[in-house]
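Undergrad: the amino acid sequence is not available; the structure is as follows:
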């Protein structure tokens, strides 16, 4: 059987996100209930969640979630971690038996800080150092896969239906201000845990419903900057594009959206001179990062959430608001099931990002 | 018959609806169940809540009333009957309709009326009370689409971009003081004349009746009519951006 990375796997999917602008701690229960209503958009071959604000006790350390195929890969990876990081805490990620979830790898969590001397020696900043270490583990240590590496956030994913994955990871025992979820519907998959969504790098996490036709052009471009697309799934490349544009190139998220879901040239031509200039610059400078084909994505990051559809809007997405809460999902029912009485409900237009952030002073 | 849907799976819900000998069915607290009433004839179905995708797909004469919003692909390939939505509907409303009527009180998402078609006396009709998203009537081959723009304050026609892309049959009516902008070259636009309005008078009255609007206020306004421009047939969009 070919593993992910050896075979390309297109997928369908459902996504959902919940965000408290006032930073209210939300248990993982409601995101499980939300994604569960879209059960039939998944086929049991991948489900996952990202939670933000869930590790306040270690909020300044990078939280690594790692899958290991066996103890040997674990030993090898831990040796690498010890050589590069100060490991403040390590533990198995608590799980519970769920009948439909089988063949679990070893699933570990580490709270780490880069070692001072190593960091200095590398001449990199903390984030870049950490990114390079994550890529190193994922590409060189056989059987080890870091699937979450941000601060005060975590990704939880598995092969299974998302609601079962949420039970498996006991998400109702975590509390965070933001949650995203994904139910996967790959048409042909070997079903590897690492291939489930979200895909994350540092605090960026992506859940994605769609099928990118620009995958190879996008991949070739980001691989020039040290990223390695090891999984050949389109969502992985989106995660790296966001990391590259937002963290490294320091584009705003609106500009990121203007690159990956760039307006058509005739739309650009109808804009004001100032907008025209900016949009033309972005399309020219990052033409290889235009993402074509259908997508709806949720990007979680430290303190915020962005939703974006492809510019032709070939996937559905609705946004609901109630007091300080924002809900975004592939289907309205996934919002109504957890909040029947909304103040507002709308569908964003194709290529128009919806960006939600914590109220000032909460980060 | 009354069914409280809650989290019931769509298969169970749809079997109940299909198998009851009763003509009237009311579904309470509907949460995203798909394919409700698909292929049904001779039933009156009321839905409270949020019905799932493909509501009334292949509908064959039944009448559906929704108190709430509908999701995507409402009335996919429906043949006859009616769907009345007291709220908005999602993307691809009336997808490939071949007969019957859909009334949406408020807005519709992207690609409403995509691939609508008509044959002899089978003329599907889709009325959207508010605004429609982009790609309204994409590849439309027949039938009638009406967008009323009620409460439209944008100063622009209540349709998005790429309206009528690939249109090669049927008619789109847009109630607006302003001519729709940026229409594709294969669409011809003109102000509606009295013969045009006669064709949709009964349809508009039915819309007003469903949602308690005063027909005089709705009908006596400027409407634009979009039809395929036979002098300038459709060329490809998706490959050239």
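TA: It's in. In this text the structure is predicted, and so the values were computed from the model without any measurement.

Undergrad: how much space separates the residue of the stretch 1-150 of chain A found nearest chain B from residue A:163?
TA: Using C-beta to the nearest C-beta, the single residue of the stretch 1-150 of chain A nearest to chain B is residue A:37, 5.0 Å away. C-beta here means a position set from N, CA and C on the backbone, and glycine is covered the same way. Separation of residue A:37 from residue A:163 (C-beta to C-beta, to the nearest Å): 9 Å.

Undergrad: of the two, which one has the most company?
TA: Shown here are residue A:37 and residue A:163; by other C-beta atoms under 10 Å in any protein chain shown, residue A:37 has more neighbours (26 against 23).

Undergrad: closest residue of chain A to chain B?
TA: residue A:333 (2.6 Å).

Undergrad: how many neighbours does residue 26 have?
TA: Since you didn't name a chain, this refers to chain A. By other C-beta under 10 Å, 23 other residues sit near residue A:26.

Undergrad: switch to chain B, that's the one I care about
TA: With other C-beta under 10 Å as criterion, residue B:26 counts 15.

Undergrad: element containing residue A:283?
TA: helix A:273-285 (DSSP states H and E).

Undergrad: for the next helix or strand after that helix, what is the distance to the chain centroid?
TA: Following helix A:273-285 in sequence order, the next helix or strand is strand A:295-301 (DSSP H and E). Taking C-alpha atoms, centre = their mean, to the nearest Å, the mean C-alpha location of strand A:295-301 is offset from the chain mean by 7 Å.

Undergrad: neighbouring strands - and their directions - for the helix or strand following strand A:295-301?
TA: Proceeding N to C from strand A:295-301, the next assigned helix or strand is strand A:304-309, under DSSP H and E. Take DSSP bridges as the rule and strand A:304-309 pairs in its sheet with strand A:295-301 (antiparallel), strand A:354-357 (antiparallel).

Undergrad: quick one: the residue of chain B found nearest chain A from residue B:69, how far?
TA: Closest to chain A within chain B is residue B:32: 2.6 Å, counting by C-beta to the nearest C-beta. Residue B:32 sits 11 Å away from residue B:69, going by C-beta to C-beta.

Undergrad: quick one, domains of chain B?
TA: Chain B is divided into the following domains under automatic domain parsing: B:1-68, B:88-241.

Undergrad: what's opposite residue A:91 in the beta bridge?
TA: residue A:109.

Undergrad: now for the nearest residue to residue B:160 once chain neighbours are set aside: which residues touch it?
TA: Closest residue in space to residue B:160, ignoring its immediate chain neighbours: residue B:134 at 3.2 Å, by C-beta to C-beta, 6 or more residues apart in numbering or on different chains. Residues in contact with residue B:134, defined by C-beta atoms under 8 Å, 6 or more residues apart in numbering or on different chains, are A:313, A:349-350, B:110-111, B:159-163.

Undergrad: now do residue A:319
TA: Applying C-beta under 8 Å, 6+ apart, we find residue A:319 in contact with A:307, A:326-328, A:345-348, A:354.

Undergrad: how far does stretch A:325-336 stretch from one end to the other?
TA: 13 Å (C-alpha to C-alpha, to the nearest Å).

Undergrad: buried residues, it. List them.
TA: A:325-336 (16 or more other C-beta atoms under 10 Å in any protein chain shown).

Undergrad: for these, give me JSON lines that also has pLDDT and secondary structure.
TA: Output for the buried residues of stretch A:325-336, formatted as JSON lines (pLDDT from 0 to 100; DSSP: H, G, I helix; E, B strand; the rest coil):
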{"residue": "A:325", "pLDDT": "98", "secondary structure": "strand"}
{"residue": "A:326", "pLDDT": "98", "secondary structure": "strand"}
{"residue": "A:327", "pLDDT": "98", "secondary structure": "strand"}
{"residue": "A:328", "pLDDT": "98", "secondary structure": "strand"}
{"residue": "A:329", "pLDDT": "98", "secondary structure": "strand"}
{"residue": "A:330", "pLDDT": "97", "secondary structure": "coil"}
{"residue": "A:331", "pLDDT": "97", "secondary structure": "coil"}
{"residue": "A:332", "pLDDT": "98", "secondary structure": "coil"}
{"residue": "A:333", "pLDDT": "98", "secondary structure": "helix"}
{"residue": "A:334", "pLDDT": "98", "secondary structure": "helix"}
{"residue": "A:335", "pLDDT": "98", "secondary structure": "helix"}
{"residue": "A:336", "pLDDT": "98", "secondary structure": "helix"}
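
Undergrad: what's the closest of those residues to residue B:147?
TA: Nearest to residue B:147 among the buried residues of stretch A:325-336, counting by C-beta to C-beta, is residue A:332 at 21.3 Å.

Undergrad: what about that closest one, distance to residue B:36?
TA: Separation of residue A:332 from residue B:36 (C-beta to C-beta): 14 Å.

Undergrad: now do residue A:31
TA: 26 Å.

Undergrad: what helices or strands is the longest helix seen in chain B leaning on?
TA: Counting residues, the longest helix in chain B under DSSP state H turns out to be helix B:194-211. For helix B:194-211, the helices and strands in contact under the criterion 3 or more C-beta pairs under 8 Å, 6 or more residues apart in numbering or on different chains; DSSP states H and E are strand B:101-104, strand B:125-128, strand B:141-147, strand B:169-175, helix B:215-219, strand B:223-228.

Undergrad: just the element for the residue nearest to residue B:160, please.
TA: Residue B:134 belongs to no helix or strand, assigned by DSSP H and E.

Undergrad: and it, how far is that from residue A:213?
TA: From residue B:134 across to residue A:213, the span is 19 Å (C-beta to C-beta).

Undergrad: before we move on, back to that, would you mark the buried spots in the helix holding residue A:283?
TA: Neighbour counts over helix A:273-285 (16+ other C-beta under 10 Å) mark A:279, A:282-283 as buried.

Undergrad: can you name every helix or strand that it contacts?
TA: Looks like helix A:273-285 contacts helix A:253-260, helix A:265-269 (3+ C-beta pairs under 8 Å, 6+ apart).

Undergrad: any idea of the pLDDT on the spatially most central residue of chain B?
TA: Centroid check for chain B by C-alpha atoms, centre = their mean gives residue B:126 as the closest residue, at 3.5 Å. Here, the pLDDT recorded for residue B:126 equals 98.

Undergrad: right, and it touches residue B:116 too?
TA: Yes. Applying C-beta atoms under 8 Å as the test, residue B:126 and residue B:116 come out as touching, 7.0 Å apart.

Undergrad: next one: residue 154, what pLDDT does it get?
TA: Because you didn't say which chain, this covers chain A. 98.

Undergrad: wait, I meant chain B there
TA: Per-residue pLDDT puts residue B:154 at 92.

Undergrad: next, it: secondary structure please.
TA: The three-state assignment at residue B:154 reads coil, by DSSP: H, G, I helix; E, B strand; the rest coil.

Undergrad: angle of the helix holding residue A:283 against helix A:253-260?
TA: For helix A:273-285 against helix A:253-260, the angle between stretch directions is 60 degrees (axes from the mean of the first three to the mean of the last three C-alpha atoms, to 10 degrees).

Undergrad: how far does helix A:273-285 sit from its chain's centre?
TA: That offset, for helix A:273-285, works out to 28 Å (C-alpha atoms, centre = their mean).

Undergrad: again, but for stretch A:177-194
TA: Distance, centroid of stretch A:177-194 to centroid of chain: 11 Å (C-alpha atoms, centre = their mean).

Undergrad: report the buried residues of it.
TA: Using 16+ other C-beta under 10 Å as the test for burial, stretch A:177-194 gives A:177-186, A:189-194.

Undergrad: residues from the stretch 1-150 of chain A in reach of chain B?
TA: A:36-38, A:40 (C-beta under 8 Å from any C-beta of the partner chain).

Undergrad: give me the subset of these lying in helices.
TA: Per DSSP H, those map to helices at residue A:36.

Undergrad: reformat the residues of the stretch 1-150 of chain A next to chain B as JSON lines; add pLDDT.
TA: Shown next, in JSON lines, are the residues of the stretch 1-150 of chain A next to chain B (pLDDT from 0 to 100):
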{"residue": "A:36", "pLDDT": "97"}
{"residue": "A:37", "pLDDT": "96"}
{"residue": "A:38", "pLDDT": "96"}
{"residue": "A:40", "pLDDT": "91"}
